[in-house]
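>>> Okay, here's the prediction I keep looking at, along with the sequence it came from:
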Amino acid sequence: MGECSDLSQTPLFTFGVIADIQYADIDDGFNYHRTRRRYYRSSLQLLRNAQESWSESAIKPKFILQLGDIIDGFNKGRGASERALAAVLREFSSRGVQVHHVWGNHEFYNFSRSALLRSKLNSTSCSDEGSGAHAGADIYAYHFSPAPGFRFVVLDAYDVSLLGRDESSVKYTNALNLLREHNSNEDLNAPPMAEGLEQRFVKFNGGFSKDQLDWLDAVLSQADEKKERVTIVSHLPVHPRSTDPICLAWNFDELLAILQSHSSVVCFMAGHDHDGGYHRDKDSGVHHLTLEGVIETPPDSDAFGTVSVYEDRMILKGNGRIADRELLFP
Ligand SMILES: Nc1ncnc2c1ncn2[C@@H]1O[C@H](COP(=O)(O)OP(=O)(O)O)[C@@H](O)[C@H]1O
């Protein structure tokens, strides 16, 4: 960190990040391929560790980004969705810091889209006022500016998806047609190929509608004009080198093209791939960060980050499985 002599400087503000808590009050289990252990019960304690660290830090985070999959789909079958959600939200609210919730596949395993829109997982009330702050009535995407010159955009990566869309809706039919164009398996959660980018066409992923892409494009044009620094968050990663390709958003390429055409974008943060990932896009200089998931983090470790924001960079202080990173602005 040669140029980092200003680390002793006070940041303009800080914020917390945490991904894939996937809490359930059940014994440990495994991922689909049985290669990774999942610590369903202990994930609540790891969230508690994060909250404790944030509240004890000299500079309190201005907000927390919760990158999706806050509770596990197993809750649904046990009739425990509301109880599990209440337990996790109790932890979040205990310290009184504003939380921005992103929606992942496990949100939709537990709740319908309309229920989510009515729930405490809808944090659009923390968005900026005014027209254009939200992408649309049934698209969960909004932006906010926590400090002058900085903007954050929350994206809905399941806008085009089978998950959460009513089976009688046009949006569901369109998503099913798109998925079937790429995946001929009977079980649409099974990837169509054993490797490569086409693997992403599975039911547990989704994408961004044209309405959402147009909205994002307009939000970023305004941010370019104001010379703001924009960080975008979504449950699904969009850079093939920042994740296992099976976790990519269906139309990651369309989203990447938008990011590359706006000078204001500095960082894209996602969850979903519990192993995490990082890549700096060489064309745009945008940092693509995929956060390691809490659910696959052993009870004696941690998985959360605190980001300090400066004029020219963000410094991620990782805890446990998450590495420290210096994110210089492009
Ligand atoms: N290779 C696969 N073939 C069939 N189903 C799969 C495959 N991988 C995952 N699934 C299923 O897809 C869903 C999402 O997978 P899961 O591992 O739970 O994702 P997450 O990491 O988001 O928890 C689960 O219902 C899981 O059983």
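Looks like it came in fine.
>>> Can you name every helix or strand that the helix or strand of the chain with the lowest mean pLDDT contacts?
Of all the helices and strands that make up the chain, strand 134-136 has the lowest average by mean pLDDT, DSSP states H and E, namely a mean of 83. Counting by 3 or more CB pairs under 8 Å, 6 or more residues apart in numbering; DSSP states H and E, the packing neighbours recorded for strand 134-136 are strand 139-147, helix 210-225. Where you see a C-beta, it was placed from the backbone N, CA and C, and this is true even at glycine.
>>> List the buried residues in the first one.
So the one you mean is strand 139-147. Judged by neighbour count using 16 or more other CB atoms under 10 Å, the buried positions of strand 139-147 are 139-144, 146.
>>> ok, which stretches of the chain are helices?
Assigned helices in the chain, in chain order: 43-56, 74-77, 81-93, 105-110, 113-118, 170-182, 210-225, 252-260 (criterion: DSSP state H).
>>> ranking those by burial, who's on top?
helix 105-110 (a mean of 24; mean count of other CB atoms under 10 Å).
>>> ok, residues contacting it?
Contacts to helix 105-110, defined as CB atoms under 8 Å, 6 or more residues apart in numbering, come from residues 22, 68-73, 75-76, 81, 84-85, 116, 121, 158, 161, 163-164, 204-206, 235, 272.
>>> Next: stretch 307-318.
Around stretch 307-318, the neighbours that count as contacts under CB under 8 Å, 6+ apart are 4, 6-7, 9, 11-17, 59, 147, 150, 231, 266-267, 289, 305-306, 322-329.
>>> and if you look at stretch 55-63?
Applying CB under 8 Å, 6+ apart, the external contacts of stretch 55-63 come out as 10-11, 13-16, 54, 95, 97-100, 126, 146-147, 306, 308.
>>> Weed out the non-buried ones from those.
Neighbour counting by 16+ other CB under 10 Å classes 11, 13-16, 54, 95, 97, 99-100, 126, 146, 306, 308 among the contacts of stretch 55-63 as buried.
>>> quick one on the thing from earlier: tell me which of the contacts of stretch 55-63 fall in strands.
Among the contacts of stretch 55-63, the members found in strands (DSSP state E) are 13-16, 98-100, 146-147, 306, 308.
>>> so can I have a markdown table of these showing pLDDT and distance to L216?
As requested, the ones in strands among the contacts of stretch 55-63 are exported to a markdown table (pLDDT from 0 to 100; distance: CB to CB, whole Å):
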| residue | pLDDT | distance to L216 |
| --- | --- | --- |
| F13 | 98 | 23 |
| T14 | 98 | 25 |
| F15 | 98 | 20 |
| G16 | 98 | 24 |
| Q98 | 96 | 22 |
| V99 | 97 | 22 |
| H100 | 98 | 16 |
| P146 | 97 | 19 |
| A147 | 97 | 21 |
| T306 | 98 | 27 |
| S308 | 98 | 26 |
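>>> Smallest distance to the ligand belongs to which residue of the stretch 201-330 of the chain?
Nearest residue of the stretch 201-330 of the chain to the ligand, counting by CB to the nearest ligand atom: F204, 4.0 Å away.
>>> what's the neighbour count on that residue?
Residues contacting F204 under the criterion other CB atoms under 10 Å number 23.
>>> Now do the contacts for it.
Contacts for F204 (CB under 8 Å, 6+ apart) come out as 105, 163, 189.
>>> Distance check, the first one against the ligand.
So the one you mean is N105. According to CB to the nearest ligand atom, to the nearest Å, N105 and the ligand sit 5 Å apart.
>>> before we move on, back to that, what's the least confident helix or strand of the chain in contact with?
Outside strand 134-136, the residues that touch it by CB under 8 Å, 6+ apart are 124, 127, 141-142, 156, 211-212, 215-216.
>>> now D273: how far from S242?
Noted for D273: a distance of 8 Å to S242, by CB to CB, to the nearest Å.
>>> again, but for G207
According to CB to CB, G207 and S242 sit 17 Å apart.
>>> Check the spacing between the residue of the stretch 201-330 of the chain closest to the ligand and P61 real quick.
F204 sits 30 Å away from P61, taking CB to CB as the criterion.
>>> cool, I71 as well?
Applying CB to CB, the value for I71 to P61 is 22 Å.
>>> Give me the more crowded residue out of these two.
Neighbours per residue, other CB under 10 Å: of I71 and P61, the larger number sits with I71, 31 against 21.
>>> Which residues does the more buried one form beta bridges with?
In this entry, I71 is beta-bridged to Y23, by DSSP bridges.
>>> so it makes contact with L85?
Yes - here I71 lies in contact with L85, judged by CB atoms under 8 Å, at a distance of 5.5 Å.
>>> what does the stretch 201-330 of the chain put close to the ligand?
F204 (CB under 6 Å from any ligand atom).
>>> Could you rerun that using 8 Å?
By CB under 8 Å from any ligand atom, the residues of the stretch 201-330 of the chain that approach the ligand are 202-204, 246, 272, 274, 293, 295.
>>> Of those residues - the most surrounded one?
Neighbour max across these (other CB under 10 Å) = H272, 29 neighbours.
>>> check contacts around that residue.
19-20, 68-69, 104-105, 235-237, 243, 247, 290, 293.
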